[in-house]
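Q: Here is the input, now give the coordinates:
(one chain, ligands or ions: 1)
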Amino acid sequence: MILVVNSGSSSIKFSLYEYKNNNDIEKLASGMAEQIKVNGKIIITYQGNKHEIDISLPDHKVAIEAILSKLDELKIIKDIKDIQGVGYRVVHGGTISKSSIIDEKVHKQIQDSSKLAPLHNPPALLVIDKFKEFLPHSKHVACFDTAYHQTMPERNYIYPVNIEWYKKYDVRKYGFHGTSFNYINKKFEEIVGKEKNNLIVCHLGNGASICSIKEGKSFDTTMGLTPLAGIMMGSRSGDVDPSIINYMCTSLNKSPNEINEMLNNNSGLLGISGVSSDIRYVIEGYNKNDKMCTLAIEIYTQKIANFIIQMINQQNQKIDAIIFTAGIGENSQIVVEKVVGKLPLLNISVDQELNNKKYEDYIKINTPTSKIDIYKIRTNEEIMICKDVITFLKK
Ligand code: ADP
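A: A predicted model of the protein is given here:
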């Protein structure tokens with residue numbers, strides 16, 4: 001069995017997979033521990049039943065103990081030793097280019113990268129350390145959001161600032177959502193039966209970024225040193241004039257940290273519409289002609305279109321497909337329609353019926369005359385992490 005873990009500052013999401021030697025992977029159960037340090041709740045879905053248990057979770061250690069004991073109580077695992085491997089989503093891995101067994105060196109790299117992902121890496125490390133304690137027999141593998149982007153050429157990851165910032169302080173573009181982009185690239189290979197594709201992949205979830213994939217590898221991406229950069233998101237601003245930070249520190253008499261927090265949590269769709277960071281509510285307003293919701297949706301889709309055209313220009317070769325994925329990309333017809341509508345120079349178009357159609361794991365939605373194929377593909381970061389763990393189990 002393989003456990004896939006995604007931890008945040010107050011939650012631990014997990015999925016348990018069974019894998020047979022012939023590479024069959026089956027999801028057995030999934031769930032989460034939430035409201036850690038606040039109240040505490042464990043939710044486990046197993047065989048179609050959802051079990052919700054209120055339980056005090058003062059810290060991550062207690063939460064992990066509780067998850068393992070509930071998996072045991074519900075008879076989902078017979079023996080803890082059946083968990084052969086644990087795969088962790090780790091947001092920042094610095095310049096590590098692949099999923100890695102968490103030895104001392106990798107542990108140190110995750111720790112060192114905490115300064116670049118202070119909200120994400122510390123809780124991930126805490127959870128890794130605890131699972132290692134409880135499951136000493138298992139292989140523990142870190143899968144980094146940054147790893148897939150390590151193929152970007154220097155000219156795409158160096159910022160036009162003093163080069164000493166890069167040399168001394170590691171200031172460069174790292175990029176995120178790499179596990180998702182890697183999954184989508186492989187899935188597309190499977191769909192078309194061809195490797196080394198040139199793709200523009202729009203991962204539009206709460207956090208959102210676009211990846212330019214050239215011959216199967218990350219060539220450029222919109223997120224940067226941190227996941228705040230690039231396109232506008234649910235509550236994050238994406239790229240803005242960097243002088244705004246200094247200006248607003250002075251205007252509001254706040255610290256750079258406080259302004260940074262506002263750019264992360266009180267901007268984007270939420271900041272403009274004043275309604276929500278969840279696009280479904282902003283679309284509701286847009287459908288009722290609410291002025292600020294409409295403005296938010298227009299800016300949101302324009303920013304995405306601008307980056308798509310920039311990335312296509314930079315690839316300067318035939319693009320095999322533009323792909324939409326993650327919560328918004330997979331489900332919002334309006335966003336896809338509006339983004340494509342804002343790319344008049346590309347001569348591409350979406351078939352509305354296909355765009356509205358229900359689909360399983362992927363659907364091709366362009367019209368026959370569209371110059372570039374357009375797809376919606378459901379991403380699956382968990383299965384990617386699970387497969388990476390299996391690779392190490394086989395070694
Ligand atoms: P994350 O992993 O970053 O939290 P997800 O990929 O799960 O993000 O996407 C979450 C977002 O997807 C939500 O903010 C929500 O607005 C959006 N979403 C989910 N379902 C739909 C839908 N049917 N239509 C439009 N947006 C949706």
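
Q: Only C-alpha atoms from now on, for both contacts and neighbour counts.
A: OK.

Q: C-terminal to the top strand by length along the chain, what's the next element?
A: Across the chain, the strand with the greatest residue count (assigned by DSSP state E) is strand 25-34. Later in the chain than strand 25-34, the nearest helix or strand by DSSP states H and E is strand 41-46.

Q: how far away is residue 197 from the ligand?
A: To the ligand, residue 197 is 23 Å away according to C-alpha to the nearest ligand atom, to the nearest Å.

Q: Tell me how many other residues surround that residue.
A: Residues within reach of residue 197, counting by other C-alpha atoms under 10 Å, total 20.

Q: Give me the phi and psi for the closest residue to it other than its chain neighbours.
A: Distance criterion C-alpha to C-alpha, 6 or more residues apart in numbering; nearest residue to residue 197, sequence neighbours excluded, is residue 215 at 4.7 Å. Note on residue 215: backbone dihedrals following degrees, to the nearest 10 are phi 50, psi 50.

Q: other SSEs contacting the helix or strand hosting residue 185?
A: Assessed by DSSP H and E, residue 185 sits inside helix 178-192. The helices and strands touching helix 178-192, judged by 3 or more C-alpha pairs under 8 Å, 6 or more residues apart in numbering; DSSP states H and E, are strand 139-144, strand 199-204, helix 381-394.

Q: Check which residues of the last one are buried.
A: Residues of helix 381-394 classed as buried: 381-390 (neighbour count, 16 or more other C-alpha atoms under 10 Å).

Q: One more: stretch 266-286?
A: Across stretch 266-286, burial judged by 16+ other C-alpha under 10 Å covers 266-273, 275-279, 281-283, 285-286.

Q: what's the residue lying closest to residue 347 once chain neighbours are set aside in contact with, if anything?
A: The shortest distance from residue 347 to any non-neighbouring residue, by C-alpha to C-alpha, 6+ apart, is to residue 371 (5.8 Å). Contacts for residue 371 (C-alpha atoms under 8 Å, 6 or more residues apart in numbering) come out as 346-348.

Q: so where do the helices sit in the stretch 1-150 of the chain?
A: 60-73, 104-112, 121-134 (DSSP state H, counting those that start in this stretch).

Q: my read: residue 246 touches residue 258, true?
A: No: the pair residue 246 / residue 258 is not scored as a contact, 11.3 Å apart, by C-alpha atoms under 8 Å.

Q: where along the stretch 201-350 of the chain do the helices fall?
A: With DSSP H, counting those that start in this stretch as the criterion, the stretch 201-350 of the chain has helices spanning 243-252, 256-265, 268-273, 279-287, 291-315, 326-331, 333-341.

Q: So which of those helices is the most surrounded?
A: Among those, ranked by average contacts under mean count of other C-alpha atoms under 10 Å, first place goes to helix 268-273 (a mean of 24).

Q: could you dump that helix to CSV, C-alpha only?
A: Presented in CSV, the C-alpha positions along helix 268-273 are these (Å, rounded to 0.1, in the frame of the first residue of the first chain):
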residue,chain,number,x,y,z
GLY,A,268,-7.2,38.5,-7.4
LEU,A,269,-10.8,37.5,-8.0
LEU,A,270,-11.7,38.2,-4.4
GLY,A,271,-9.9,41.5,-4.3
ILE,A,272,-11.6,43.0,-7.4
SER,A,273,-15.1,41.5,-7.1
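
Q: re earlier: got the contacts of residue 371 as JSON lines, with pLDDT, distance to residue 363 and neighbour count columns?
A: Formatted as JSON lines, the contacts of residue 371 follow (pLDDT from 0 to 100; distance: C-alpha to C-alpha, whole Å; neighbours: other C-alpha atoms under 10 Å):
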{"residue": "346", "pLDDT": "97", "distance to residue 363": "21", "neighbour count": "14"}
{"residue": "347", "pLDDT": "97", "distance to residue 363": "20", "neighbour count": "12"}
{"residue": "348", "pLDDT": "98", "distance to residue 363": "16", "neighbour count": "19"}
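
Q: ok, back up a step: mind putting the helices and strands packed on helix 178-192 into CSV with distance to residue 375 and mean pLDDT?
A: Listed next are the helices and strands packed on helix 178-192 as CSV, based on distance: least, C-alpha to C-alpha, whole Å; pLDDT from 0 to 100:
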stretch, distance to residue 375, mean pLDDT
strand 139-144, 25, 98
strand 199-204, 9, 98
helix 381-394, 18, 94
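
Q: so which of the ones you listed gets nearest the ligand?
A: Smallest distance to the ligand across the helices and strands packed on helix 178-192 (C-alpha to the nearest ligand atom): 6.5 Å, for strand 199-204.

Q: got the angle for that closest one vs helix 178-192?
A: Relative orientation of strand 199-204 versus helix 178-192 (axes from the mean of the first three to the mean of the last three C-alpha atoms, to 10 degrees): 130 degrees.

Q: Pull out the buried positions in strand 199-204.
A: For strand 199-204, by 16+ other C-alpha under 10 Å, it's 199-204.

Q: Close to the ligand: what parts of the chain are there?
A: 205-207, 278-280, 326-328, 331-332 (C-alpha under 6 Å from any ligand atom).

Q: Could you identify the least confident member of these?
A: Checking pLDDT across the residues of the chain next to the ligand, the minimum falls on residue 206 at 88.

Q: on that earlier part again, quick one: which of the helices of the stretch 1-150 of the chain is nearest residue 339?
A: Judged by C-alpha to C-alpha, the one of the helices of the stretch 1-150 of the chain that comes nearest to residue 339 is helix 121-134, at 32.9 Å.

Q: counting contacts, what elements does that closest one pack onto?
A: Applying 3+ C-alpha pairs under 8 Å, 6+ apart, one finds that helix 121-134 contacts strand 2-7, helix 60-73, strand 85-90, helix 104-112.

Q: mind running it again at 6 Å?
A: Using 3 or more C-alpha pairs under 6 Å, 6 or more residues apart in numbering; DSSP states H and E, no helix or strand is in contact with helix 121-134.

Q: quick one: contacts of that helix?
A: Contact partners of helix 121-134, identified using C-alpha atoms under 6 Å, 6 or more residues apart in numbering, comprise 7, 9, 114.
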